[in-house]
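Enquirer: Below are the sequence and a predicted model; questions follow.
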Amino acid sequence: MSGWLAIAGLGPGRTDLVTPEVTHALEQATDIVGYIPYVARIAPRDGLRLHPSDNRVELDRARHALGMAAEGRRVVVVSSGDPGVFAMASAVFEAVEAGPADWRGLDIRILPGITAMLAAAARAGAPLGHDFCAINLSDNLKPWALIEKRLRLAAEADFAMAFYNPRSASRPEGFARALTLLQEICADARPMLFARAVSTPEESLRIVPLPEARAEMADMRTVVILGSSRTRVIEGAGQPWLYTPRSA
Ligand code: SAH
């Protein structure tokens, strides 16, 4: 039996947002590896081994998955959203680069998924319809000074911005600092979207002008989208639409 490793995105939550390609890989798999809540989304079946692990052990998890694939198992590493966006695909390549030579010969595939910012943008309208960037606000893996620099330069360049990992219990201050900085630099009332648990039963969407945005509006299940200076809100049937025009 020849093993393989797929690093798959499960999308933002709803089952019908998982791609057929990912569903097929899960059906073929012998082993599922990933952060506990993501592995919990996989239906158990005979012959399938589940290997849930804690969030802070990405490289160990990647090495474990690569080792099993090298032994001939069919392994799927699961991430939420897309596996290449602040998720496991990079950790796997980091482990491959530093690992034994035979890992370079493994059959490795990255199976894309719908990332949180795109699911949130689609629910709210089209806030990312012009140039935008995505910034991870967690300073677990990079210094806070670098986050501030990127926020400043992105605001100066008038990008719309999507913020992942905005606020956690272990980092309560960072998002408040980011908001203060953005309110100072942008100095206008452009809209900010707080999209929580998109495509799940707990979904909530809230749009506020930037000066009224407060850190408590976000948690770790929220992706935040700040418009560019051109982003606007218009009335729609049952909900407002948030969109950024395609011309600068
Ligand atoms: N690989 C994932 C991102 C992992 S980082 C992706 O592509 O979506 C985890 C962050 O993603 C969370 O803190 C939150 O900011 C965002 N996120 C993930 N799923 C979400 C959802 N259903 N609704 C809103 N934000 C979500």
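Expert: Right, received. Where do you want to start?
Enquirer: backbone phi and psi for the residue of the chain found nearest the ligand, please?
Expert: When you check the chain against the ligand by C-beta to the nearest ligand atom, the closest residue turns out to be residue 81, at 2.0 Å. Quick note: C-beta positions are derived from backbone N, CA and C, even for glycine. Note on residue 81: backbone dihedrals following degrees, to the nearest 10 are phi 60, psi -130.
Enquirer: Could you pull up the residues touching it?
Expert: The neighbourhood of residue 81, defined by C-beta atoms under 8 Å, 6 or more residues apart in numbering, consists of 9, 10, 11, 12, 87, 113, 114, 115, 116, 119.
Enquirer: now the third one: how far from residue 105?
Expert: Okay, so that is residue 11. Applying C-beta to C-beta, to the nearest Å, one obtains 30 Å for the distance of residue 11 from residue 105.
Enquirer: Of these two, give the one with the bigger neighbour count.
Expert: Higher neighbour count among residue 11 and residue 105: residue 11, with 26 against 8, using other C-beta atoms under 10 Å.
Enquirer: Would you map the helices across the protein?
Expert: With DSSP state H applied, the chain shows helices at 20-28, 36-39, 58-70, 88-98, 116-124, 144-156, 174-186, listed in chain order.
Enquirer: wait, which of those is closest to residue 242?
Expert: Of all these, the one in closest proximity to residue 242, counting by C-beta to C-beta, is helix 116-124 (4.4 Å).
Enquirer: Which neighbouring elements make contact with the closest one?
Expert: Counting by 3 or more C-beta pairs under 8 Å, 6 or more residues apart in numbering; DSSP states H and E, the packing neighbours recorded for helix 116-124 are strand 160-164, strand 191-196, strand 204-209, strand 222-226.
Enquirer: Many thanks, we can stop here.
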